[in-house]
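A.B. asks: got a structure for you, letters missing:
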Ligand code: PGA
């Protein structure tokens, strides 16, 4: 049985004032039956981790460098994220692939660094609209998965997030059949490569998950939770998504 995970990606949103949302989320979910994760901007990670440390909410980074330390201005290592209280890190998000030129090889190296640094890597993959419309989705996902996920990945240290690029922040989501098709494909690929460990790796759906569509998405086979952007910023939105996952 894979334990479900509701993960929030705050992206470049949030200052100290927004930590009240985290307190509200903890108060509303004292004993959740699913795993909970919030990934704030790096500037808030340590303060958020102080607030969540006695709660069921884990914290994570949104990226880490592939090296442990050194002359990399502006970058953060896996060890630094861990030192700030993180247990997870999101890697290869499509915004980083697009804005920072992150290739599968880079995501692979970062994922290796995160895993060897003791973090759980949430590795993101997903097709663009052009790729979807040209029928390339399954092939794109397969290439990204094999190129980005390192050999050291296990059920305990790796989570896959399937996020169609065209569904992120747009309010559009694939049909439930399309979500089911991609998740089944990812599961087959993971099991083929990693055997039993691949069976245990969680595969999240991400892209415009909202309280209004969470129940139907979580009912799709092989969906083990969600990576949520916009709707993770407010406890009033993320709370119902958590409840929907608990009830799935
Ligand atoms: P969204 O973002 O929920 O705002 O669409 C999801 C993500 O990018 O992880």
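C.D. replies: Everything's here; your move. Being a predicted model, the structure only gives us computed values, none of them experimental.
A.B. asks: Check the gap between the residue lying farthest from the centre of the chain and the ligand for me.
C.D. replies: Most distant residue from the mean C-alpha position of the chain: residue 71, 27.7 Å away (CA atoms, centre = their mean). Separation of residue 71 from the ligand (CB to the nearest ligand atom, to the nearest Å) stands at 30 Å. No exception for glycine: its C-beta is placed from N, CA and C like everyone else's.
A.B. asks: same check, this time on residue 124
C.D. replies: Applying CB to the nearest ligand atom to residue 124 and the ligand gives a distance of 7 Å.
A.B. asks: secondary structure class for that residue?
C.D. replies: strand (DSSP: H, G, I helix; E, B strand; the rest coil).
A.B. asks: and the closest residue to residue 203 other than its chain neighbours, which of the three is it?
C.D. replies: Counting by CB to CB, 6 or more residues apart in numbering, residue 203 lies nearest to residue 160, which is 4.7 Å off, once chain neighbours are set aside. Three-state call for residue 160 (three-state DSSP): strand.
A.B. asks: My guess is residue 160 contacts residue 183. True?
C.D. replies: No. In this structure residue 160 lies outside contact range of residue 183 using CB atoms under 8 Å: 9.3 Å.
A.B. asks: Which one's more surrounded, those two?
C.D. replies: Of the pair residue 160 and residue 183, residue 160 is the one with more neighbours under other CB atoms under 10 Å, namely 28 against 21.
A.B. asks: residues near the closest residue to the ligand within the chain, how many?
C.D. replies: Per CB to the nearest ligand atom, residue 229 is where the chain lies closest to the ligand, at 2.3 Å. Other residues lying near residue 229 total 22 when counted by other CB under 10 Å.
A.B. asks: again, but for residue 122
C.D. replies: Residue 122: 29 neighbours (other CB under 10 Å).
A.B. asks: for it, what are its contacts?
C.D. replies: 7, 37, 39, 60, 88-91, 159-161, 204, 227 (CB atoms under 8 Å, 6 or more residues apart in numbering).
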